[in-house]
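**Student:** Fold the following.
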Amino acid sequence: MNHSPRRCPGPISRRHFLKMGALTLSGIGMRGLLPLRLESAETGKNPDTSVILIWLPGGPPHMETYDMKPDAPAEYRGDFRPIKTNVPGIDVCELLPLHAKIADKFTLIRSIAHNFADHGGGHKRFLTGRDPRSPVGFVNDYPMVGSMVARARQDWQAGVPNYIAGTEPGRAQIDVYSFGSAYLGPSTHPFMVVGDPSSPIFEVKNVSIPQQAKERLNERLRLLGRFDTMPAQLDNSGTMGAMDVYKRKALDLAMRDTARQAFDLTREPRRVREHYGMHVWGQRALMARRLVEHGASFVTMVMENPFQSGVAFPKDGTYNWDSHAVNCHIFNDARVRFPLYDRAVTALIEDLHARGLDKKVLLIVTGEFGRTPRISYAEGTQTKVKQPGRDHWPQAMSVLVTGGGMKTGQVVGSTNARGEHPKDRPLTPNDLWATMFHHLGIDYQNTSFLDHSGRPMPILPYGEPIAELL
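**Tutor:** Now for the predicted structure:
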């Protein structure tokens, strides 16, 4: 865990695993279509709330971002220094000056930790709220929290997909980041938005169809409706009824213009787009705001590879946040990566507050774990020279949250003097998700889903909303 003898590629896709097309229903198994019964009737009845999860795969370094230790020994503190923010007592990295200007609008949680140091195990542990059966691999044993929200709000229709994820081409398979739905089935997978939204040729597929095709489709649906019925007693499982629901949802999305408009960033003033940054991360953040504004319940935007949209890939940089010394020179990579991140995240925070969305929308920014407090050195795979890096470290990490009507301008918890483990207010990912479900109005304590064997599985096995935020 402390030293890696070879390049660590970070989250990797298993391409032979189930691929879910944006709105296609082909390939959905009957088990996934079964109407899984909720044990509680109160499961997210307040649709006027949403969540944006900015996912930083690979693991961002907490001691280079939000939990700096300037008084620690040199082999811990790193190259950068903290700067003061507009909230006395809260410091952030000098490479995050825009964060420093709006620290009153967010909260930093410095004491979340878990025990899974592999990327796969870390993704699964963090995103599902449960210890995975295997500490490696990205295929979920339990549903990702976004799938839980999608299932709890399956009847909510806003004209846009209810659960959406933005990612890179070739990285849209459901198991790349452990976004899988496990026993909730493919119907609760996210609608994948693939590519760089800053590109002039960017296009979101399957959100609209030509008018002439709509007219033909309507006629065929009317004809199909005459035959597509069966006595209830012949469908005791509810499978056909579920299929009908999902078909109608998909068709409704394609037939309406709401989704197409929500995804269309050209409808935004140029100054707004530039405020977010005309690069992949900035435009994904802007798209997330537009989607929740149009009614999506859960939007995940992956900020993984910043070196596109005209941003050159440094020779000593790395694709994601996996800053082992063999992968990159952590400080040189940060000098290019952090300003892009700084602009995208702070623009989103400012926009949510300026547009009055800071009560409706809860924003969470995190990766699967932090990085080792002690700096390591190794020969870079690309550079062939010795360079600094940090390895996987789930025992300490930092998470940014804002919105949801929650308290801001504060730090929750702390780590010890060397950033190794929580010192005050130790928390787990489950406490973060309990806070999220509380915001969404989903009764996570009294709601269960049926697993593959028919056993009721509670949304979370444990966890309490973080009191300092409420």
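**Student:** Would you map the helices across this structure?
**Tutor:** 30-33, 74-77, 97-101, 119-128, 145-152, 211-225, 239-255, 258-263, 270-276, 280-293, 330-354, 429-440 (DSSP state H).
**Student:** Compare these and say which comes out lowest on pLDDT.
**Tutor:** Among the helices of the chain, helix 30-33 carries the lowest mean pLDDT, at a mean of 33.
**Student:** Just to check, Asp424 is in contact with Glu468?
**Tutor:** No - taking CB atoms under 8 Å as the definition, Asp424 is not a contact partner of Glu468, at 11.2 Å. (Glycine included, C-beta is placed from N, CA and C.)
**Student:** For those two, work out which one has more neighbours and name it.
**Tutor:** More crowded of Asp424 and Glu468, by other CB atoms under 10 Å: Glu468, with 16 against 12.
**Student:** who's in contact with that one?
**Tutor:** Thr107, Lys407, Gln410, Val412, Arg425 (CB atoms under 8 Å, 6 or more residues apart in numbering).
**Student:** doesn't Lys105 make contact with the third one?
**Tutor:** When you say that, I think you mean Gln410. No - when contacts are counted by CB under 8 Å, Gln410 is not listed as touching Lys105 (11.1 Å).
**Student:** Let me know which of the helices of the chain is the nearest to Ser198.
**Tutor:** Relative to Ser198, the nearest member of these by CB to CB is helix 280-293, separated by 4.3 Å.
**Student:** For the closest one, which helices and strands make contact with it?
**Tutor:** Using 3 or more CB pairs under 8 Å, 6 or more residues apart in numbering; DSSP states H and E as the contact definition, the elements that helix 280-293 packs against are strand 50-55, strand 163-167, helix 258-263, helix 270-276, strand 298-302, helix 330-354.
**Student:** Out of these, the one nearest Ala74 is which?
**Tutor:** Among the helices and strands packed on helix 280-293, if distance is taken as CB to CB, the winner is helix 330-354, at 12.9 Å.
**Student:** Show me what that closest one is packed up against.
**Tutor:** strand 50-55, helix 97-101, helix 270-276, helix 280-293, strand 361-366, strand 386-389, strand 397-403.
**Student:** just to revisit the earlier point, make JSON lines from the helices of the chain and add mean neighbour count to it.
**Tutor:** Output for those, formatted as JSON lines (neighbours: other CB atoms under 10 Å):
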{"stretch": "helix 30-33", "mean neighbour count": "16"}
{"stretch": "helix 74-77", "mean neighbour count": "15"}
{"stretch": "helix 97-101", "mean neighbour count": "18"}
{"stretch": "helix 119-128", "mean neighbour count": "27"}
{"stretch": "helix 145-152", "mean neighbour count": "27"}
{"stretch": "helix 211-225", "mean neighbour count": "11"}
{"stretch": "helix 239-255", "mean neighbour count": "16"}
{"stretch": "helix 258-263", "mean neighbour count": "20"}
{"stretch": "helix 270-276", "mean neighbour count": "15"}
{"stretch": "helix 280-293", "mean neighbour count": "25"}
{"stretch": "helix 330-354", "mean neighbour count": "21"}
{"stretch": "helix 429-440", "mean neighbour count": "23"}
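**Student:** Nearest to Val176, out of the ones you listed?
**Tutor:** Here helix 119-128 is closest among the helices of the chain (CB to CB), at 9.1 Å.
**Student:** what's the angle from that closest one to strand 397-403?
**Tutor:** 30 degrees (axes from the mean of the first three to the mean of the last three CA atoms, to 10 degrees).
**Student:** where does Asp196 land on pLDDT?
**Tutor:** You'll see Asp196 listed with a pLDDT of 96.
**Student:** Let the chain start at 24 from now.
**Tutor:** Will do, 24 is the new start, and the previous item becomes Asp219.
**Student:** Got phi/psi on it?
**Tutor:** Main-chain torsions, Asp219, degrees, to the nearest 10: phi -100, psi 110.
**Student:** What is the burial count for it?
**Tutor:** For Asp219, using other CB under 10 Å, the count is 19.
**Student:** And Lys338, by the same measure?
**Tutor:** Lys338: 11 surrounding residues under other CB under 10 Å.
**Student:** circling back to that earlier point, in a markdown table, list the helices of the chain along with distance to Arg478.
**Tutor:** Listed next are those as a markdown table, based on distance: least, CB to CB, whole Å:
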| stretch | distance to Arg478 |
| --- | --- |
| helix 53-56 | 14 |
| helix 97-100 | 46 |
| helix 120-124 | 44 |
| helix 142-151 | 16 |
| helix 168-175 | 16 |
| helix 234-248 | 37 |
| helix 262-278 | 20 |
| helix 281-286 | 36 |
| helix 293-299 | 44 |
| helix 303-316 | 33 |
| helix 353-377 | 39 |
| helix 452-463 | 20 |
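**Student:** Which one, of those helices, ends up nearest to His212?
**Tutor:** Closest approach to His212 among those is made by helix 168-175 (7.0 Å; CB to CB).
**Student:** Contacts for the closest one, please.
**Tutor:** Applying CB under 8 Å, 6+ apart, the set of residues contacting helix 168-175 is 59, 61, 66-67, 74, 76, 150-152, 166, 185-186, 188, 202-205, 207, 211-213, 320-321, 323, 456, 459, 463, 465, 470, 472, 482.
**Student:** Mean pLDDT per helix and strand in this protein: which one sits at the bottom?
**Tutor:** Using mean pLDDT, DSSP states H and E, the weakest-scoring helix or strand in the chain turns out to be helix 53-56, at a mean of 33.
**Student:** OK, contacts around Lys382?
**Tutor:** Gly426, Gly427, Gly428.
**Student:** Those, buried ones only, as a PyMOL selection?
**Tutor:** The PyMOL command for the buried members of the contacts of Lys382 (criterion: 16 or more other CB atoms under 10 Å) is given here:
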select buried, resi 426+427
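**Student:** of the contacts of Lys382, closest to Pro93?
**Tutor:** Closest approach between those and Pro93, by CB to CB: Gly426, at 29.7 Å.
**Student:** Surely the closest one is in contact with Ile387?
**Tutor:** No - taking contacts as CB under 8 Å, Gly426 lies outside contact range of Ile387: 9.0 Å.
**Student:** coming back round to it: what's the closest of the helices and strands packed on helix 303-316 to Gln177?
**Tutor:** Nearest of those to Gln177, taken as CB to CB: strand 186-190 at 10.0 Å.
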